[in-house]
Structure formats: C-alpha cells, structure tokens
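*Asks:* Model the following, please.
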Amino acid sequence: MSPSPARPRFALRLTLCSALLGLCLGLNAPARAGSDEQFVAARDAFRAGDLNRLDRLAAELRDHELAPYVEYFQIRAQLEKADANTVAALNDFLARQDKTYIAEKLRGDWLRLLGKQQRWSEFEAEYPKISQADQDLACLSLQSRLARKDPKALDDALPLFRTLLEVPEPCNPVLDAVVAAQKVNSDDVWARIRRQFEINKLGAAWNTAQYLPVAQTPERKLWDQVTDRPLPFLVKLSGTSQRLQRELALLALQRVARNDPAMAAQRLDALESQLPPADRAWAWGQIGWQGAQRHYPEALDWYRRGSDLTPLSDEAQAWKVRAALRAQDWHLVRHAIEGMSPTQAADPSWTYWLGRAYKAAGRNDLAQPLFERIAGQPNFYGNLADDELGRPIKLPPQARPLSREELARVGDNLALRRALALFRANLRFEGTKEWSWALRGMDDRELLAAAEIARRSNIYDRAIAAADRTKNEHDYSLRYLSPFDEQVRPVARQQQLDDAWVYGLMRQESRFVTNARSSVGASGLMQLMPATARWVAKKIGLKDYDHGQVTNTDTNVLLGTSYMRMVMESLDNHPVLASAAYNAGPGRAQKWRAAKPIEGAIYAETIPFSETRDYVKKVMSNSVYYASLFNNGRPQSLKSRLGVVLPKGSGGENQPKPEDLP
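*Replies:* I've put the predicted structure just below:
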C-alpha cells in the first residue's frame, strides 16, 4: 500500500488540527493533554462502538502520551469498511508510528482483514513489514502463497499437520490443502488423531478424522461412544481386523487409561494378541504414562511392555523418566533420557538427571561435562548442577551503578513512556504488551535502567522482567526485588518462617502486584483464594474481615504467611511440600509423597500437575537467591534446601493433617 494524501476527518483531528489549523471542533483553545480517565473512557467508547463519544474524547486527548492509541481506536473502528479515507489514514498512521507496538498491532489487524477478504496482493505487500507474526498471520501467509501457487508452500505447510494440534481458523485451509495434495496419508492422519487424544483435544481430533478415507472415517455415534463411554465400547468390541476398529480400540484404551490405568491394562491384556506390535507399544506407553502421573508402582512395568517400535510423545517419555526417578532406578533413568529426541534431551532438566544417572553408575567422567553444561544458570537445574560440582551458589558480580545519563536515555524511550502511562491508567494488560515491546533489542545496561525506572514507579513485575533478561551484567537486587520489606519480613519472623522462602513464593505468586487477580479468583500479593482467606481469617481471629480487604498489603501478608505456617506444620515443616501445597492444596501435596524417602528434587520433578511442578521449582530456586541477598551474599545450596521428603505419616501424630486445611 502506498501512502495517500487523502485522510478522514478523525485523523485530521489528531494531527492537522492541533499542528496547523487550531480550528476544528472548537477550537482555538490551547492544546490540552487530557487525563488518564479520559483515555480510559476513550478506550471504553471504542469497545462499545460509540464513535461519536470517541471522536469527542480524541479532541481532548490529542496531546496525551497515549494519543496514538486513541488514533488507533478511531482507525480500527472504521477498518472493516476499509474505504479510501480509512486506508489512507491507516497508511499515514503506520508511516508515522513505524516500529512502534501500536503500529504493529494495527498492521496485524489490517493483515487479518486482508486475509479474510483474500486480498492477497495487498497482504503480501504488507506482510514483510510485520515484526512478530503469530500463528494466524503465518497461516494467512501460507494461504496467500498457495493462492499464487508457490511451489514451496505445501512443503512449508506440511510440518503444521504434524505439530499444530490446536488449529486457529486461518490454518484450516492450509491443512485442507496439504491433505488435498496427498502430502499425508491415513497413517499420518491417525497419528495426528492419537496426539490430539493425548492432549485431550477431542473436538480437534474429530475434525482431523474428516481427513480419513471414507472406509476409515468413523460415524459420529461410534466416535461419541469412544470418547464418552470408552469402557463399554471396548467390552462390546467384536474385533480389530479392520483399520477403523483397531484405531478406535486404541483411542478407547487411551480414554480409559486417563481415568483408570489399571483397568486399561486389563482391557489391553485381552486385546493384545489382536494388535500389531507397534499398536501394542503405543497403547502400553499411554497406560504407562497415565500410571506414572498417578505414581502407580506398576507404571514402569506397563512402560516395559511396550517397545521402541512406536516412539513415545515427549510427555510420555518425560513421565517414563519421572517414574524411574520415583523408583530410584538410575539405569532406567539413563535409558529413558537417552531414548529422547535430541531436542528434548537438551533441556536442562534432562541434562541434569542424565548426569545424576551417570554419577550413580560411577561414571563421573560422563556426568561432569553434563553438569558443567548447565552450571551457573540461575534456575532450578543450574542450581542443582552447581551443587553436584561442589560450587556454592553465589550472586554474580554486581553491575556498576547506573549513571544519570543512562537512566535519562532509557527514560526517553517512547515505548517505555507509553507503557508507564498505561500502567498509570491501570491498564496492566496493555502496559505489559507495550513494555515487552520496549525491551526488544536493549543491551544489559539499558535493561537495568528500564528495571530501575520500573522499580521507582512501583511496577515491580516489569522491573523483574527487565532485570531477568540481562546476559553479562546483572543486578540481583532488581532481579529478586523485595518490596514491602517492613511489612513482610517482621510478619514472616513472627510466623517463624524463612523470609527468603516467603519472598521466593511471593515473587512467583504475584511478582509483587498488590492488586493481582488470577483467572480463578486468587487475589493480592500472596494470591489468596476467597474461601482460603476467609478460613484463615477466622482461624487467626481476624475480626470484621471481608474479602474486599484481601488486596490490602498488611492483611494479605498476614493471611498468606499465617496459611504458610499452617501448611508447613501439617507437612513436616518441609518447604518443598508446603510450596506444592500452597499452589495445589495440602491434600494433594500429601498424596504425592512416596512410600519411601526421596530427594526433595525428585519429589518436585514428579509432581503430576505441570503448573505446580514448575511453580515449586521456581519458588525453591528463588529462595536461594533471596537467602543470599538477605545474608550479605553468603553462598547457598539448593540441594540442602530441598532436603529429603519422608513418606506420608512420618511427621508425628501431633501435627495437623493436611486434609483438614483448605
């Protein structure tokens, strides 16, 4: 699209009016920046489709820091009709706001509209200018290439059939084209369906099934029996001689295994002789995976009954390692990790555990290089590798102080200023997007300056986000901020809690956003659920409590640390168990204990919920750095903090029961 001099009246209001004429709408009055409240009102008017009100507010906001956002609202509101004036205004806006986040956002909107209308020549002229194409836009680009018969388009689209298991609408025509061109066969289609069953995307799997040959396409009634009533389906199954019968039997086994791996194993025993070896291997792998997630001791036997004829998915292979860790079978740990794809095996988690397996076998010559590969990384596995190498975890050298000039230069960054204005208007989602855009391409000194600016503005989560990105020059007092010190640490001491652990948990819970609210209703610095907060308030005798107080810092910290103490006392005063309990509930943390003592690191690694598993690792690694910061840089050990998790019931009869806590 080439810029055009023609522009609609709303674009004129924002530029020519104030800069040249000073007349439109009113208006020889001096330019006014407008208020943040007016900006929020303009955004609300845009969302409500009240264009007259949006135009009136735009005139008041023409000198506001976020005026480009208001102009975006105006153009975006007219974009669907895409008349000549709107296109001219869009081109002009993109030229003036080039390389800004708001221009990127508008360009993405425009590309989606062009793709929807199949205006491919215009799409292809604009697409190279997008900086970060999402999956929707990438698929629209493939649609465009297919439309002009690009000979490489189908080959570039083929990997999507294997990897894109949840399909955005713009990608459906691309997958349709891949199938129509016979780039995939029925084996590929069934493999895709199996993977979609593994991740419980049954609607997507049904859509994939429509790509099958007619003789293999299941009727909807039969499909519903497999997905909704898999055990009765298997009981009534008359045979597996046909491909469709066999595949549906395997999918039904997978569905049964999700709820009852032992029952699935029984049914597979009955069917095993009727299935080809590769199909048996996949089914046993599914049952082993589901059993491993439930910590069933039979899981390893189920895995062993499979074979290497059908490679396991990454998730199933990972749980094979975890089951072996739980059983402390280091030989199988090594074998399972060595069976991973190179990409999966390169993950720091499996690098560390492979090193441990070699070390257990007395092969320090093989273990040492693996630990060296990840040592020094500021994360759970880097910390553990340092411990294995006998290197206490230390804070890196402190970056030299920021100069006034460095702070001023970064403070003048337009995207950063807009982000701060959005945060000031309490538009956190938009502010975070703008902030992330601002950090692109910054070097370490600029990142530290951005972090310090955010800290001074009390936007602690963005300070951490910036400081976390430095590569060579670090400030861990910014990376591991400890705001609200006078409120948190005295209360932690009163509760006899390790303040480094408390801060490690708070950092993971809310990044110190006092009004943070999760999708499930958890609130405040310590992300308390309403029922939990009420229960704790009653338990500690906090009178006249109502949930509106939960984002008050003092109240939130008191309730959160009180709950942490109760959880700790119910779980052997073990911070790994208590961290898991804080995220997933005390009953689950108790249930996940093994029948014999296991390392805290193995307990954390074998937590069934991926969110909780990641959470516990990060909380415990955070606590190492807070402990060092709070103790004048004293070296720390993560492994000693993780300790050993004893079996259930070994903590003494006088302890409160985890099941009694919310």
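*Asks:* For residue 516, see how far away the nearest residue to residue 515 once chain neighbours are set aside is.
*Replies:* Nearest non-adjacent residue to residue 515, counting by C-beta to C-beta, 6 or more residues apart in numbering: residue 551, 5.1 Å away. Just so you know, the C-beta spots here come from the backbone N, C-alpha and C atoms, and that holds for glycine as well. As defined by C-beta to C-beta, to the nearest Å, residue 551 lies at a distance of 8 Å from residue 516.
*Asks:* any residues in contact with both of the two?
*Replies:* With contacts taken as C-beta atoms under 8 Å, 6 or more residues apart in numbering, the residues that reach both residue 551 and residue 516 are 523, 524.
*Asks:* contacting residues for residue 341?
*Replies:* residue 314.
*Asks:* Compute the distance between it and residue 356, please.
*Replies:* From residue 341 to residue 356 the distance is 20 Å (C-beta to C-beta).
*Asks:* Over to residue 147?
*Replies:* The value you get for residue 147 to residue 356, if C-beta to C-beta is used, is 53 Å.
*Asks:* next one: residue 59
*Replies:* Applying C-beta to C-beta, the value for residue 59 to residue 356 is 66 Å.
*Asks:* Which helix or strand in the protein has the lowest average pLDDT?
*Replies:* Ranked by mean pLDDT, DSSP states H and E, the weakest helix or strand in the chain is helix 16, scoring a mean of 31.
*Asks:* And residue 147 and residue 356? Which one has more around it.
*Replies:* residue 356 (23 against 16; other C-beta atoms under 10 Å).
*Asks:* Centre of the chain to whichever helix or strand the more buried one is part of, how far?
*Replies:* Using DSSP states H and E, residue 356 maps to helix 348-360. Computed by C-alpha atoms, centre = their mean, to the nearest Å, the chain-centroid distance of helix 348-360 equals 25 Å.
*Asks:* Now do the buried residues in that helix.
*Replies:* Within helix 348-360, the residues scored as buried using 16 or more other C-beta atoms under 10 Å are 348, 349, 350, 351, 352, 353, 354, 355, 356, 357, 358, 359.
*Asks:* Can you dump the C-alpha atoms of whichever strand or helix holds residue 258 in CSV for me?
*Replies:* Residue 258 belongs to helix 243-259 when assigned by DSSP H and E. Provided in CSV are the C-alpha atoms of helix 243-259 (Å, rounded to 0.1, in the frame of the first residue of the first chain):
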residue,chain,number,x,y,z
ARG,A,243,-8.2,-50.5,10.5
LEU,A,244,-11.1,-48.4,11.8
GLN,A,245,-12.0,-50.9,14.5
ARG,A,246,-8.3,-51.2,15.6
GLU,A,247,-7.7,-47.4,15.8
LEU,A,248,-10.9,-46.8,17.7
ALA,A,249,-10.0,-49.5,20.1
LEU,A,250,-6.6,-47.9,20.8
LEU,A,251,-8.3,-44.5,21.3
ALA,A,252,-10.8,-46.0,23.7
LEU,A,253,-7.9,-47.6,25.6
GLN,A,254,-6.3,-44.2,25.9
ARG,A,255,-9.5,-42.7,27.2
VAL,A,256,-9.9,-45.5,29.8
ALA,A,257,-6.3,-45.0,30.9
ARG,A,258,-6.8,-41.3,31.6
ASN,A,259,-9.2,-42.3,34.4
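*Asks:* Ignoring the adjacent residues along the chain, who's closest to residue 399?
*Replies:* Spatially, and ignoring its direct neighbours in sequence, residue 399 is nearest to residue 473 (4.4 Å; C-beta to C-beta, 6+ apart).
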